[in-house]
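>>> This is the structure alone, sequence omitted:
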């Protein structure tokens, strides 16, 4: 998980609200692109909230109008040819045969970066992200024509549902932090960071918890439930997110609705890298020994602003 540039905005020089310097960033700013990719050039699209699930680089044919309502262009200098490039990447994801993916896809998508993007999105249970409804992220095409996926608006992670960001510290072991009875080394034995009992075992080679290579019946049942919760697009077209566990190989067969996930997981080497990255995020990056000091550093960064914030009520839990 990479850190980004920090910034504060004080309209008229006055404190209006707590600056969003920690949790959310304006990924459409050229500074962020330069920070992560070494250049401010390229083309950026924002994938806004979409309950139909139509924005995860799914192919909708060659008509540009099918994409302009699903992706918001954020680069003023971009032209029709850039829309055509986006459409072509969607087509490549949809139509490339499995046996040609390993040679073809890296010419269009930063696969290694996408693997980590998907692993983080999965591990954090973002109920408002790429897995849950295929939206609320950025697409960036660099000057070489390679596409990148960028996290954005991650305020409903750790199983938080719609509006979950307002629950405040200490709520449910989600955005508010670890469970109340967690010690300095993490949650109690047998309980995960969301307060849910752990299942026996771990991420096996098949990618599930004691499941087979395809995620097993439980994985398919979980994916089916997710599709049945779909929004105005109907079953199989996304969803409104959720707060429950998610299989490591979620959407492994959903080429039409989650092509980036399905095509990456179709290549054995990439699938193995995805599972290892997911394991590293879940067991190392989210271990309280690793995460706790980072949260403390962020708390120190914004503490003065919290104290001065005239719109914040009780600060006890934060401090």
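Looks like it came in fine. In this text, all values refer to a predicted model and were calculated from it rather than measured experimentally. Numbers count the residues shown, from 1 in each chain.
>>> For the stretch 201-319 of the chain, just list every one of the helices.
For the stretch 201-319 of the chain, the helices defined by DSSP state H, counting those that start in this stretch cover 216-228, 259-265, 268-280, 288-308.
>>> my read: residue 43 touches residue 138, true?
No - if you go by C-beta atoms under 8 Å, residue 43 and residue 138 don't touch, sitting 10.9 Å apart. All C-beta spots, glycine's among them, are computed from the backbone N, C-alpha and C.
>>> Output the below-cut-off pLDDT ranges for the chain.
1-37, 159-244, 312-319 (pLDDT under 70).
>>> now the strands for this protein?
43-47, 72-73, 137-141, 147-151 (DSSP state E).
>>> Direction included, what does the shortest one pair up with?
Okay, so that is strand 72-73. Within its sheet, and counting by DSSP bridges, strand 72-73 is paired with strand 43-47 (antiparallel).
>>> quick one, the strand it pairs with and strand 137-141 angle?
160 degrees (axes from the mean of the first three to the mean of the last three C-alpha atoms, to 10 degrees).
>>> The strands of the chain: which one's closest to residue 257?
In terms of C-beta to C-beta, the element of these nearest to residue 257 is strand 43-47, at 13.9 Å.
>>> Next, the angle from the closest one to strand 147-151.
Using the same axes, to 10 degrees: strand 43-47 against strand 147-151 is 50 degrees.
>>> Can you give the contact residues for strand 43-47?
Defining contact as C-beta atoms under 8 Å, 6 or more residues apart in numbering, one finds that strand 43-47 is touched by 27-28, 33, 55-56, 70-75, 78, 82, 85-86, 134-141, 152.
>>> Could you do stretch 59-72 as well?
Contacts for stretch 59-72 (C-beta under 8 Å, 6+ apart): 45-48, 50, 54-55, 80, 83-84, 86-87, 90-91, 93-95, 139, 256, 259.
>>> Narrow those to those in helices?
Among the contacts of stretch 59-72, DSSP state H puts 80, 83, 84, 86, 87, 90, 91, 93, 94, 95, 259 in helices.
>>> Give the PyMOL command for selecting the buried subset of those.
Restricted to buried positions by 16 or more other C-beta atoms under 10 Å, the PyMOL selection for those reads:
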select buried, resi 83+86+87+90+91+93+94+259
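>>> which among the ones in helices among the contacts of stretch 59-72 gets closest to residue 109?
Using C-beta to C-beta, those come closest to residue 109 at residue 93, 7.7 Å.
>>> what's near enough to touch the closest one?
57, 59, 105, 108, 109, 259, 260, 263.
>>> That one: what's its closest spatial neighbour, skipping adjacent residues?
residue 259 (4.0 Å; C-beta to C-beta, 6 or more residues apart in numbering).
>>> same deal with residue 105?
Nearest one to residue 105, counting by C-beta to C-beta, 6+ apart, is residue 111 at 5.9 Å.
>>> how close does the one you found get to residue 301?
33 Å (C-beta to C-beta, to the nearest Å).
>>> These two - which one has more neighbours?
residue 111 (19 against 13; other C-beta atoms under 10 Å).
>>> which residues touch that one?
105, 264, 270.
>>> and the closest residue in space to the last one that isn't next to it in sequence, how far is that from residue 147?
Spelled out, that is residue 270. Nearest residue to residue 270, sequence neighbours excluded (C-beta to C-beta, 6+ apart): residue 264, at 4.8 Å. Separation of residue 264 from residue 147 (C-beta to C-beta) stands at 13 Å.
>>> Equivalent analysis for residue 81, please.
Where residue 147 is concerned, residue 81 sits at a distance of 15 Å (C-beta to C-beta).
>>> Pick out whichever of those two has more residues nearby.
Legend: neighbour count by other C-beta under 10 Å for residue 81 and residue 147, higher for residue 147 (24 against 8).
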